[in-house]
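Trainee: Fold the following, please.
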Amino acid sequence: QVQLVESGGGLVQAGGSLRLSCVVSGRTFSNYDIGWFRQAPGKEREFVAAIRWIGGSTKYADSVKGRFTISRDNAKNTVYLQMNSLRPEDTAVYYCAAARSLGTIRAARDDYNYWGQGTQVTVSS
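Mentor: Just a heads-up that it's a prediction; the model follows:
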């Protein structure tokens, strides 16, 4: 079992920055990929970025490449999503999730078995 708790959302103007945090706990989460997804009103939940706990390799959606950075702090059992140059279209509820590491880093929503409660990010124009 893996538990995830997100924090760090809020309201920011376009061009600004936010850092989301996801505290991960559980018996064997070191064998997992930790991903960030987002869901805007009326839209499907979409992949944003993911990191493999062992090794730290990363994967990003094209829409956030160069603007968002995912990282982890082993000592704090925390995964971060640093979001820069935010745009109104980044407005969504952001979720972190965990999937067992297998092959390449997981980017499909259905591969992720454990989810946090979500944190709202609103970018004003």
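Trainee: Can you pull out the low-pLDDT segments for the protein?
Mentor: Filtered on pLDDT under 70, the chain yields the residue ranges 27.
Trainee: roughly how far apart are the residue minimising distance to the centre of it and S125?
Mentor: Nearest to the mean C-alpha position of the chain, counting by CA atoms, centre = their mean, stands W36 at 2.0 Å. Distance of W36 to S125, given as CB to CB, to the nearest Å: 23 Å. In short, each C-beta sits where N, CA and C put it, glycine included.
Trainee: now Y112
Mentor: Taken as CB to CB, the span from Y112 to S125 is 31 Å.
Trainee: These two: who's more crowded?
Mentor: In this comparison of Y112 against S125, neighbours counted by other CB atoms under 10 Å, the higher total goes to Y112 at 24 against 9.
Trainee: Look up the closest residue to that one, ignoring the ones flanking it.
Mentor: With CB to CB, 6 or more residues apart in numbering as the measure, A97 is the residue that lies nearest to Y112, at 3.8 Å, once sequence neighbours are left out.
Trainee: Backbone torsions only: list them for that neighbour.
Mentor: Phi and psi for A97, reported as degrees, to the nearest 10, are phi -150, psi 160.
Trainee: That one: what's it in contact with?
Mentor: With contact set as CB atoms under 8 Å, 6 or more residues apart in numbering, A97 has these partners: L4, I34, G35, W36, F37, Y112, N113, Y114, W115, G116.
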